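Peer 1: Sequence isn't available, so here's the structure alone:
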RNA sequence: GCCGCCGUAGCCCAAUGGCAUGAGGCGACCGCCUUAAGAGCGGUUCAAGUGAGGGUUCGAGUCCCUCCGGCGGCACCA
């Protein structure tokens, strides 16, 4: 509408000549080396960005005090990076949009803490040491320096005084301190567990080092090995971790965590082993109602009772199978569609409900790590048990019937609900009710009762690796496992270590480290040579940012009272389970140690999607890493930031394609020209005013919702409107545009703000206020439908009552034609939007 | 196999159950500029009817069901 007015007026020739003059200046600038004066008028991102990055540092613009009068604190946390050697566009995608949101929040009057640090321990650094003979500490420092430079280039508004680096003793001593506290509380313990073992590297691998069942480094198939390890008792919090009340977290993340924890209700019961008084096989089942159909039992090959129940005649075969299972790679044992193989032990148990003698088998499909490592097998009502029974000719007895009649012999397992049959006194009971009835029956008989089982296992924190936090215990021949006293922390990771990649933890070869004195008896002792999982480091780093240097505690408690819990957390969805679950666990454990006063570490969480390239994850090994540097050089950081936000919804991620980056580059150039252009004479323009206020509302809402792409689009739209605008409204609009754009493109807006005479810094200005009255249209287009089909569009005053809108619609000529001779049944009015006239059939 | 998410112009994407003469961008095309090309600038004259089918509704891209296609997670969890 505004455009039409302009074209009616004699303005176009004037504008055309202005454009011609700009064009002339621009083409001359291209032809020759620009003079100093001409350069001032061109947008040269490199100059602008270098200048303001320096100025911001000099003026300490990004330092956040713990308190700022009149400004509420807001803790905006983004997952800190692992300082790997390759910085790719995905890093910018993860950090630039949250930086924009945090900046906007500052302009909106909050005292925003936006800290950064490095998750600096980890396997890659150690592998680099092995492969390239660089010490992990050196490699890590080099990478951190590179990444700090990237953040600086990006213009991220980080308070670097608060930087946290997890590989420094000042940090990891608190890992050790927490370990000792958890140990005292019984939340840390030493236990036996099957772990991933790489036979070629002769070392245990972290779960994340096992890719598709193979060792990340040497591609060797990984096997399970039983080892004594340290655990954190996360399962003690399983039920609490399933509660998300008061948390504003995406549904997807909550679902992933819920599935991971895998709560199932059922019963744990035990059947006695025949011929071994006192021995019984405990098992967990979610279907106690099927117990009368339990015609055999299956133990995991690693189960403690295998040796006990096996009869001499079966011993050779059983041992062979156990040995095979033990050495078989996990991927083969659990592969989809794998044949269910097993061996009869020769032993029998007694089904406590039927009184029957039932054979005990061992089979790979029963996992030692879930439940009790043993099952009652009910072939009629479990697909796996059915397949197994078919294969080995075991009894299949129907005990749940969908309709109360018999279907034997069964062609497949029936896993649904139904009526209990062949179940003694329980016959005729609905299976839903039978679950509870049988569990209670078992309780009365003293063989078990209702219970809950979880898929979640305790968190194995031991790693046979060098580049991590040493576990602060010593092993004394006399006193056993002895914790290092608090006053001897930190147990410092020694620097002089040989990296061969062979023969277990490098720490075990460092005599000065291993040889220790027992704190209890004063005798010679061996230090534990395992280090902690790096997820331990990241489970509590958000508390350390408050004061990374404080020596008296892991956290500045006073500052914590002002900032915690974290208001907003962002990061990659790939951490939905591990890191985010560990972080929640650690908050609850520290709470129970009396160290924290809240239940959840972060109230609101939002994730970004993954940036892939050619449909594949970017990684050095694939050789498809897309680095931001070339784009920054050619277009500047602001353009790249903006492009990152504009590619699509942040949660969706993107397939990296720089083809569209010219669009954001042109936009910033257009803003540049607009902001530095001379004012255009004219009157106040209410239509433009309305557009400005609508943009304020749109951009404000979008940034708070992390809808960066539509915020950018709205700013582009406003720029178009302003470029053909005039008068004081145009000036006000340019000012508003710069303020709204400032969080997204911090450098160029700072430059333009300064050039237009604005006070330093644009980032310290108040966010534009949105006036609902000004944003409201005076005139709206009312769509008139007849039976849902658009018949006319009417320009009417805004705020018409339903009766008025209805009258206007019925009066329209096109509508009158459409409804002529027919009866109106009803009329639906959506205020200021449409009228739908429904005709009688 | 189970769970979750997503299918809108050539491409990326927008649209509180209410106008898809689509917000924005890429590309394309037409001008301007240029010896030329590119880049730049101005413009829109380009393009789909929302993966397929059914249902609910006055009205469905949006809600429900089935199917097709893609992505992610879990995967013998008893």
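Peer 2: Arrived safely. Bear in mind that the values here come from a model prediction, so they are computed numbers and not experimental data.
Peer 1: so where's chain A uncertain?
Peer 2: A:1-40, A:201-202, A:206-213, A:215-219, A:329-338, A:501-504, A:621, A:841 (pLDDT under 70).
Peer 1: If you check it against RNA strand B, which residue is the closest one?
Peer 2: Residue nearest to RNA strand B within chain A (C-beta to the nearest atom of the strand): residue A:663, separated by 2.4 Å. No exception for glycine: its C-beta is placed from N, CA and C like everyone else's.
Peer 1: What segments of the stretch 501-650 of chain A are helices?
Peer 2: Using DSSP state H, counting those that start in this stretch, the helices of the stretch 501-650 of chain A run over A:511-514, A:534-537, A:541-544, A:557-563, A:578-592, A:629-635, A:637-646.
Peer 1: and if you look at the stretch 651-800 of chain A?
Peer 2: A:661-676, A:686-704, A:708-723, A:727-741, A:746-755, A:772-775.
Peer 1: phi, psi of the nearest residue to residue A:180 once chain neighbours are set aside?
Peer 2: Among residues not flanking residue A:180 along the chain, residue A:483 sits closest, at 5.3 Å (C-beta to C-beta, 6 or more residues apart in numbering). The phi/psi pair for residue A:483 (degrees, to the nearest 10) reads phi -70, psi 140.
Peer 1: got it, and residue A:248?
Peer 2: Torsion angles, degrees, to the nearest 10, at residue A:248: phi -100, psi 80.
Peer 1: Count the neighbours of it for me.
Peer 2: Counted with other C-beta atoms under 10 Å, the neighbours of residue A:248 add up to 12.
Peer 1: Would you check that it makes contact with residue A:602?
Peer 2: No. The pair residue A:248 / residue A:602 is not scored as a contact, 9.5 Å apart, by C-beta atoms under 8 Å.
Peer 1: Overlap of the contact sets of the two?
Peer 2: Common neighbours of residue A:248 and residue A:602, using C-beta atoms under 8 Å, 6 or more residues apart in numbering, do not exist here.
Peer 1: Is residue A:517 bridged to anything, and to what?
Peer 2: residue A:524 (DSSP bridges).
Peer 1: how many other residues sit next to it?
Peer 2: Residues near residue A:517, counting by other C-beta under 10 Å, number 14.
Peer 1: any idea how far it is from residue A:527?
Peer 2: As defined by C-beta to C-beta, to the nearest Å, residue A:517 lies at a distance of 10 Å from residue A:527.
Peer 1: Common neighbours of these two, please.
Peer 2: residue A:474.
Peer 1: Quick one: residues contacting the closest residue to residue A:814 other than its chain neighbours.
Peer 2: Computed as C-beta to C-beta, 6+ apart, the closest residue to residue A:814 that is not its neighbour in sequence is residue A:792, at 4.3 Å. Contact analysis of residue A:792 by C-beta under 8 Å, 6+ apart lists A:783-784, A:809, A:812-815.
Peer 1: Could you tell me which of the residues you listed count as buried?
Peer 2: By neighbour count, with 16 or more other C-beta atoms under 10 Å, the contacts of residue A:792 hold A:783-784, A:809, A:812, A:815 as buried.
Peer 1: with the residues you listed in mind, which one is nearest to residue A:126?
Peer 2: residue A:783 (65.6 Å; C-beta to C-beta).
Peer 1: which non-adjacent residue is nearest that closest one?
Peer 2: residue A:834 (4.0 Å).
Peer 1: Am I right that the residue of chain A closest to RNA strand B is in contact with residue A:639?
Peer 2: No. Counting by C-beta under 8 Å, residue A:639 is not a contact partner of residue A:663; they are 9.5 Å apart.
Peer 1: right, and the helices of the stretch 651-800 of chain A - which one's nearest residue A:592?
Peer 2: helix A:686-704 (34.0 Å).
Peer 1: other SSEs contacting the closest one?
Peer 2: helix A:2-8, helix A:89-107, helix A:708-723, helix A:727-741, helix A:772-775 (3 or more C-beta pairs under 8 Å, 6 or more residues apart in numbering; DSSP states H and E).
Peer 1: what's the next secondary structure element after the longest one?
Peer 2: For helix A:89-107, the following helix or strand on the C-terminal side (DSSP states H and E) is strand A:111-113.
Peer 1: Paired strands for that following strand, with orientation please.
Peer 2: According to DSSP bridges, strand A:111-113 forms sheet pairs with strand A:73-78 (parallel).
Peer 1: ok so, going back, near RNA strand B too, which of the buried ones among the contacts of residue A:792?
Peer 2: With C-beta under 7 Å from any atom of the strand as the criterion, those include residue A:783 near RNA strand B.
Peer 1: can you list the residues of the stretch 501-650 of chain A near RNA strand B?
Peer 2: Counting by C-beta under 7 Å from any atom of the strand, the residues of the stretch 501-650 of chain A near RNA strand B are A:574, A:577, A:615, A:646-649.
Peer 1: Identify the farthest-apart pair in the residues you listed.
Peer 2: A:577 and A:646 (30.2 Å).
Peer 1: Name the residue in those two with the higher neighbour count.
Peer 2: The neighbour comparison of residue A:577 against residue A:646 (other C-beta under 10 Å) goes to residue A:646, with 21 against 16.
Peer 1: Could you find the closest non-adjacent residue to the more buried one?
Peer 2: residue A:712 (4.4 Å).
Peer 1: Which stretches in the stretch 201-350 of chain A count as strands?
Peer 2: Remark: strands assigned in the stretch 201-350 of chain A by DSSP state E, counting those that start in this stretch are A:203-204, A:210-211, A:214-215, A:223-232, A:263-272, A:280-285, A:296-299, A:342-350.
Peer 1: same question, the stretch 51-200 of chain A
Peer 2: Using DSSP E, counting those that start in this stretch, the strands of the stretch 51-200 of chain A run over residues A:73-78, A:111-113, A:117-118, A:164-165, A:188-198.
Peer 1: Would you reformat the ones you listed as a markdown table and include distance to RNA strand B?
Peer 2: Shown next, in a markdown table, are the strands of the stretch 51-200 of chain A (distance: least, C-beta to the nearest atom of the strand, whole Å):
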| stretch | distance to RNA strand B |
| --- | --- |
| strand A:73-78 | 20 |
| strand A:111-113 | 26 |
| strand A:117-118 | 24 |
| strand A:164-165 | 27 |
| strand A:188-198 | 12 |
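Peer 1: picking up where we left off before, just the strands of the stretch 201-350 of chain A: most buried one?
Peer 2: Of all these, strand A:296-299 has the most neighbours on average by mean count of other C-beta atoms under 10 Å, namely a mean of 26.
Peer 1: List the contacts of it.
Peer 2: A:271, A:281, A:283, A:305-306, A:309, A:342, A:345, A:349, A:358-363, A:365-366, A:373-377, A:379, A:385, A:388-389, A:394-395.
Peer 1: Compute the number of surrounding residues for the closest residue to residue A:587 other than its chain neighbours.
Peer 2: Leaving out its chain neighbours, the residue that sits closest to residue A:587 by C-beta to C-beta, 6+ apart is residue A:601, at 4.0 Å. If you count neighbours by other C-beta under 10 Å, residue A:601 ends up with 25.
Peer 1: In contact with residue A:601, which residues are there?
Peer 2: Residue A:601 touches A:542, A:564-566, A:569, A:583-584, A:586-587, counting by C-beta under 8 Å, 6+ apart.
Peer 1: For these, which entry has the maximal number of neighbours?
Peer 2: residue A:542 (28 neighbours).
Peer 1: before we move on, back to that, same list as before, the helices of the stretch 651-800 of chain A that is, but in a markdown table and with distance to residue A:189 and mean neighbour count included.
Peer 2: Shown next, in a markdown table, are the helices of the stretch 651-800 of chain A (distance: least, C-beta to C-beta, whole Å; neighbours: other C-beta atoms under 10 Å):
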| stretch | distance to residue A:189 | mean neighbour count |
| --- | --- | --- |
| helix A:661-676 | 53 | 18 |
| helix A:686-704 | 44 | 20 |
| helix A:708-723 | 45 | 21 |
| helix A:727-741 | 54 | 21 |
| helix A:746-755 | 49 | 24 |
| helix A:772-775 | 59 | 11 |
